[in-house]
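In: Take this sequence and fold it.
(one chain, ligands or ions: 1)
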Amino acid sequence: MNAHPSAHAITPDTPLLDIDAASVLRGERLILDHLSLRIAPGQHTAILGPNGSGKSTLVKLIARQIYPLARQDGRGQVRVFGRERWNVAELRGLLGIVSPAVQLDYTSDTPVEVFDAVVSGFFAARGLGLDHRVTEAMRERAHEALEQLDASHLTGREMASLSTGEARRVLIARALVHRPRALLLDEPCAGLDLASRRRFLESLRTLARGGTTLLLVTHHIEEILPEIDHVVLLNDGRALQQGNKAATLTDTALTATFGMPVHVHRRGDWHAATLD
Ligand SMILES: Nc1ncnc2c1ncn2[C@@H]1O[C@H](COP(=O)(O)OP(=O)(O)OP(=O)(O)O)[C@@H](O)[C@H]1O
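Out: The predicted model follows:
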């Protein structure tokens with residue numbers, strides 16, 4: 001099963017993501033404003049910013065759901081794994097994306113059973129159709145992916161009947177069927193209680209340690225995994241600062257990002273923030 005048809009073109013040095021002064025206009029508003037960011041291969045990254053700072057717009061830009069404003073010099077501004085143009089299904093094999101929009105898609109319309117939802121990831125479809133030929137290897141991989149996320153017991157249930165946390169585990173398993181190099185997770189802990197959040201973050205840590213590069217988009221500093229050491233601070237559509245945790249998770253940088261006096265606390269390998 002060749003899940004990565006163009007993986008041969010990606011060298012070990014090809015950046016996972018290279019955004020060069022991209023601007024995005026929605027309606028009349030400039031939502032991303034000359035945003036530049038570069039993520040090296042294998043570099044687990046957190047993209048942190050307050051409500052409305054442009055995080056979801058950035059996710060859509062990376063997912064090729066929206067495009068930046070064309071530049072006068074004609075140069076491309078968004079390269080994912082070194083390439084500007086992607087067939088979206090092909091890109092999903094390398095970069096899995098789980099966002100609230102993907103989750104919402106499973107709560108309405110025709111019911112989809114959990115295992116079908118996972119295996120349909122191979123076809124970039126919402127569920128299985130008559131024209132989808134599911135091989136034994138695909139089934140095995142789907143089972144493995146569900147196990148990786150501690151979600152095998154959900155097989156047989158309908159997606160719409162799952163709790164937020166359960167559905168999110170299944171959707172990550174769905175993204176993992178391709179063994180992608182990286183996973184882009186938009187607000188993965190939204191709607192989880194304290195204990196579920198910690199269990200879920202531990203599952204993500206296992207993935208990160210297993211070699212899947214994680215790009216975690218969040219507005220909570222508490223969700224930045226110990227494995228992540230690259231942080232991008234977003235504010236008002238701009239990357240205010242990017243660098244390692246020691247440089248970015250400071251009172252000064254977070255105060256500028258959130259527009260209020262923030263105090264950062266370190267708890268072992270984790271961080272937390274309080275307002276002064
Ligand atoms: N289609 C659109 N048309 C007009 N404005 C938009 C559109 N999409 C987003 N915006 C605006 O762009 C800004 C950034 O939105 P975005 O959803 O990217 O922020 P976010 O950081 O993900 O926010 P949150 O954390 O609240 O989800 C917001 O002010 C939002 O109202």
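
In: going forward, measure contacts and count neighbours with C-alpha atoms only.
Out: Fine.

In: Tell me which residues are up against stretch 226-241.
Out: Applying CA atoms under 8 Å, 6 or more residues apart in numbering, the contact partners of stretch 226-241 are 30-37, 43-50, 52-55, 205, 208-209, 214, 242-245, 248, 253-254, 257-258, 269-270.

In: mean confidence score for it?
Out: Stretch 226-241 comes out with an average pLDDT of 96.

In: can you map out the strands along the stretch 101-250 of the chain?
Out: Secondary structure of the stretch 101-250 of the chain (DSSP state E, counting those that start in this stretch): strands at 182-186, 213-218, 230-235, 238-244.

In: could I get the ones you listed as JSON lines with mean neighbour count and distance to residue 147?
Out: Shown next, in JSON lines, are the strands of the stretch 101-250 of the chain (neighbours: other CA atoms under 10 Å; distance: least, CA to CA, whole Å):
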{"stretch": "strand 182-186", "mean neighbour count": "23", "distance to residue 147": "17"}
{"stretch": "strand 213-218", "mean neighbour count": "24", "distance to residue 147": "19"}
{"stretch": "strand 230-235", "mean neighbour count": "24", "distance to residue 147": "28"}
{"stretch": "strand 238-244", "mean neighbour count": "19", "distance to residue 147": "32"}
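
In: residue boundaries of the helices in the stretch 151-276 of the chain?
Out: For the stretch 151-276 of the chain, the helices defined by DSSP state H, counting those that start in this stretch occupy 164-176, 194-209, 245-248, 251-258.

In: Name the residues that touch the helix or strand bottoming out on mean pLDDT in the chain?
Out: The weakest-scoring helix or strand in the chain, judged by mean pLDDT, DSSP states H and E, is helix 100-105 (a mean of 78). Under the criterion CA under 8 Å, 6+ apart, residues 126, 167-168, 171, 186-187 lie in contact with helix 100-105.

In: So which residues on the stretch 51-200 of the chain come close to the ligand?
Out: Residues of the stretch 51-200 of the chain lying close to the ligand by CA under 6 Å from any ligand atom are 51-57.

In: hmm, which of these are the buried ones?
Out: 53-57 (16 or more other CA atoms under 10 Å).

In: Need those residues in CSV (columns: distance to residue 80, secondary structure and pLDDT).
Out: Listed next are those as CSV, based on distance: CA to CA, whole Å; DSSP: H, G, I helix; E, B strand; the rest coil; pLDDT from 0 to 100:
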residue, distance to residue 80, secondary structure, pLDDT
53, 22, coil, 95
54, 19, coil, 95
55, 17, helix, 94
56, 17, helix, 93
57, 16, helix, 94
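
In: ok, now which ones touch the closest residue to residue 275 other than its chain neighbours?
Out: Nearest residue to residue 275 in three dimensions, chain neighbours excluded: residue 262, at 4.6 Å (CA to CA, 6 or more residues apart in numbering). Residues near residue 262 by CA under 8 Å, 6+ apart: 251-252, 254-255, 273-276.

In: ok, so what distance separates residue 262 from the ligand?
Out: 17 Å (CA to the nearest ligand atom, to the nearest Å).

In: Distance-wise, check the closest residue to the ligand within the stretch 101-250 of the chain relative to residue 59.
Out: Residue of the stretch 101-250 of the chain nearest the ligand, by CA to the nearest ligand atom: residue 219 (6.3 Å). Residue 219 sits 14 Å away from residue 59, going by CA to CA, to the nearest Å.

In: re earlier: ok, of the contacts of stretch 226-241, which come out buried?
Out: Applying 16+ other CA under 10 Å to the contacts of stretch 226-241 flags 31-37, 43-50, 53-55, 205, 208, 214, 242, 245, 248, 253-254, 257-258 as buried.

In: Using the three-state scheme, assign the closest residue to residue 40 other than its chain neighbours.
Out: Spatial nearest neighbour of residue 40, excluding adjacent residues (CA to CA, 6+ apart): residue 15 at 4.5 Å. With DSSP: H, G, I helix; E, B strand; the rest coil as the basis, residue 15 sits in coil.

In: burial count for residue 15?
Out: 19 (other CA atoms under 10 Å).

In: Export the strands of the stretch 101-250 of the chain as CSV, with columns for distance to residue 78.
Out: Putting those into CSV (distance: least, CA to CA, whole Å) gives the following:
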stretch, distance to residue 78
strand 182-186, 15
strand 213-218, 16
strand 230-235, 16
strand 238-244, 15
